[in-house]
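[1] Pasting the sequence and the predicted model now:
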Amino acid sequence: MKGVLLVNLGSPDSTDPKDVKKYLDEFLMDPRVIDVPRWARILLVRGIILNTRPKQSAKAYAKIWWEEGSPLIVLSERLQKKVQSKLNIPVGLAMRYGSMTLKKGIQELVDQGCTEIKTIPLYPQFAMATTETIDVKVDEIIAEHFPHVKITRTAAFSKREDYIKVLSESIGERLENLDYEHLLFSYHGVPERHIRKSDVTNGNCKMDGKCCFKKGSEQHEFCYRHQCEMTTVNVAKFLGLKNGTYSTTFQSRLGFDPWLQPYTDRTIERMGKAGVKKMVVVTPAFVSDCLETLEEIAMEGEEIFHEVGGKEFSVIPCLNDRDDFAQVLANMVEEWRIVDVETAIA
Ligand SMILES: C=CC1=C(C)c2cc3[nH]c(cc4nc(cc5[nH]c(cc1n2)c(C)c5CCC(=O)O)C(CCC(=O)O)=C4C)c(C)c3C=C
Ligand SMILES: [Fe+2]
Ligand SMILES: [Fe+2]
């Protein structure tokens, strides 16, 4: 039997700094997240970052935590239920980091009789630190614990027409009721080095973003920046946004390496100082609202904007458990099932 495993990032078990430290240790020790040699990662993560960050992050988590738990987990569970309601095969949920492990998620599907599983990373744009780390970890778990299970990976889905339609409509609905001057598309950042490492053409990426707009380059399939830039372009086209009224930025940088630019926080500050009074932010790299949208953007971002004279700051919710988004995921599953039926007939 076939089954589906939705996979998101994961959250700490609670806002207790001990739980946050455990989660951050697993997350930041992933070589596809902090991609330096293991000895350097141990020094950086366990010797430096984990001394101070867990306390700071625990405070931030406490500001956004819900009675039912982490917003990211709760919203992912609601999405899983919606997708399940549209399909007649089992739909599971797992997280790359934290207690809802990939192994448990696969085990639950196997216990229901699944021998073929389609994994769907809940990230619209490919990145080494998101889609790739899930794919690699799933392969390791399958080889070690479930060698009889066949896995089908799912590529990042930001170019799907149905996804762009749903994302655009979710933004359009909000904009209808808002008077705004600038719409900021803020994506999670990654170090520039990650983009170079994922460049399958070995050196075509110019890092200034211009290469991202070239038609048909084979590097685009694994270029996070390209996929973010194109998400903005495609939504802007769908909604008929006027040039100059929207832009793309990157948030959440950590450490001292250069990350993708322009940075969201500095852009909010610069625009506020330049006289923009009404700003709307949308965060299309995140499928579920989480610490990075609810705290970093909706709280910190708003504070920066107001400090420099901005007046109205609105944040558009992620797609979360919208019915039309659950349908996009269900469509992806149905396409996979149809391909197999067609292959069997042929
Ligand atoms: C080098 C560090 C990091 C990289 C690279 C990175 C990439 C990346 N992350 C997301 C999505 C999410 N990240 C979240 C939290 C978060 N991210 C980092 C670091 C990197 N992320 C840290 C240390 C944290 C934890 C919180 C903190 O201490 O600031 C979350 C939210 C999780 C939650 O529980 O709510 C998401 C989602 C993407 C999409 C991405 C690359 C494209
Ligand atoms: Fe992150
Ligand atoms: Fe590029």
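    Alright, I've got the coordinates. Ligands and ions are numbered 1, 2, ... in the order given.
[2] now the helices for the stretch 201-346 of the chain?
    Residue ranges of the helices in the stretch 201-346 of the chain, as given by DSSP state H, counting those that start in this stretch, are 224-239, 264-273, 291, 302-307, 323-345.
[3] which stretch among the ones you listed comes nearest Met1?
    Comparing the helices of the stretch 201-346 of the chain by their distance to Met1 (C-beta to C-beta), the top pick is helix 323-345, with 11.4 Å. From N, CA and C alone the C-beta is placed, and that goes for glycine too.
[4] Go through that closest one and flag the buried ones.
    Residues of helix 323-345 classed as buried under the neighbour-count rule (16 or more other C-beta atoms under 10 Å) are 325-330, 332-333, 336.
[5] And for stretch 160-167?
    Across stretch 160-167, burial judged by 16+ other C-beta under 10 Å covers 160, 163-164, 166-167.
[6] Same question for stretch 37-45.
    Within stretch 37-45, judged by 16+ other C-beta under 10 Å, the buried ones are 41, 44-45.
[7] List the contacts of that stretch.
    Taking C-beta atoms under 8 Å, 6 or more residues apart in numbering as the criterion, the residues outside stretch 37-45 that touch it are 24-25, 28-29, 31, 34, 36, 255.
[8] let's go with 6 Å and repeat that
    When contacts are taken as C-beta atoms under 6 Å, 6 or more residues apart in numbering, the neighbours of stretch 37-45 outside the stretch itself are 28-29, 34.
[9] where's His145 relative to Asp139, distance?
    Here the criterion is C-beta to C-beta, to the nearest Å. By it, His145 lies 12 Å from Asp139.
[10] Over to Gly189?
    Counting by C-beta to C-beta, the gap from Gly189 to Asp139 is 27 Å.
[11] and Met1, what does it touch?
    With C-beta under 6 Å, 6+ apart as the criterion, the residues that contact Met1 are 113-114.
[12] now do Gly105
    Contact criterion C-beta under 6 Å, 6+ apart gives 5, 92, 94 as the residues in contact with Gly105.
[13] same deal with Ser168?
    With contacts defined as C-beta under 6 Å, 6+ apart, the neighbours of Ser168 are 235, 238-239.
[14] which residue sits closest to Asp289, ignoring its sequence neighbours?
    The shortest distance from Asp289 to any residue other than its chain neighbours is 4.8 Å, reached at Cys318 (C-beta to C-beta, 6 or more residues apart in numbering).
[15] Quick check, the one you found in contact with Glu292.
    No: in terms of C-beta atoms under 6 Å, Cys318 does not count as a neighbour of Glu292; the distance is 10.0 Å.
[16] more crowded one of those two?
    For Cys318 against Glu292, the residue with the higher neighbour count under other C-beta atoms under 10 Å is Cys318, and the figures read 24 against 20.
[17] Please tell me how far that one sits from Val166.
    Taking C-beta to C-beta as the measure, Cys318 falls 12 Å from Val166.
[18] Out of the contacts of stretch 37-45, which sit inside helices?
    Using DSSP state H, the members of those that fall within helices are Leu28.
[19] Ligand 1 contacts on the stretch 51-200 of the chain?
    Residues of the stretch 51-200 of the chain found near ligand 1 (C-beta under 6 Å from any ligand atom) are 53, 57, 70, 72, 123, 127, 129-130, 188, 190.
[20] Quick one: the buried residues of helix 323-345 as TSV, columns for pLDDT and distance to ligand 1 too.
    Formatted as TSV, the buried residues of helix 323-345 follow (pLDDT from 0 to 100; distance: C-beta to the nearest ligand atom, whole Å):
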residue	pLDDT	distance to ligand 1
Phe325	99	16
Ala326	99	19
Gln327	98	22
Val328	98	18
Leu329	98	17
Ala330	98	22
Met332	98	19
Val333	98	22
Trp336	96	23
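[21] For stretch 302-310, C-alpha coordinates in PDB please.
    As requested, the backbone C-alpha atoms of stretch 302-310 are provided in PDB (Å, rounded to 0.1, in the frame of the first residue of the first chain):
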ATOM      1  CA  GLU A 302       6.900  45.700  13.500                       C
ATOM      2  CA  GLU A 303       9.000  47.200  16.300                       C
ATOM      3  CA  ILE A 304      11.800  48.200  13.800                       C
ATOM      4  CA  PHE A 305       9.200  49.800  11.500                       C
ATOM      5  CA  HIS A 306       7.500  51.800  14.200                       C
ATOM      6  CA  GLU A 307      10.900  53.000  15.600                       C
ATOM      7  CA  VAL A 308      11.800  54.600  12.300                       C
ATOM      8  CA  GLY A 309       8.500  56.300  11.800                       C
ATOM      9  CA  GLY A 310       6.400  53.600  10.000                       C
END
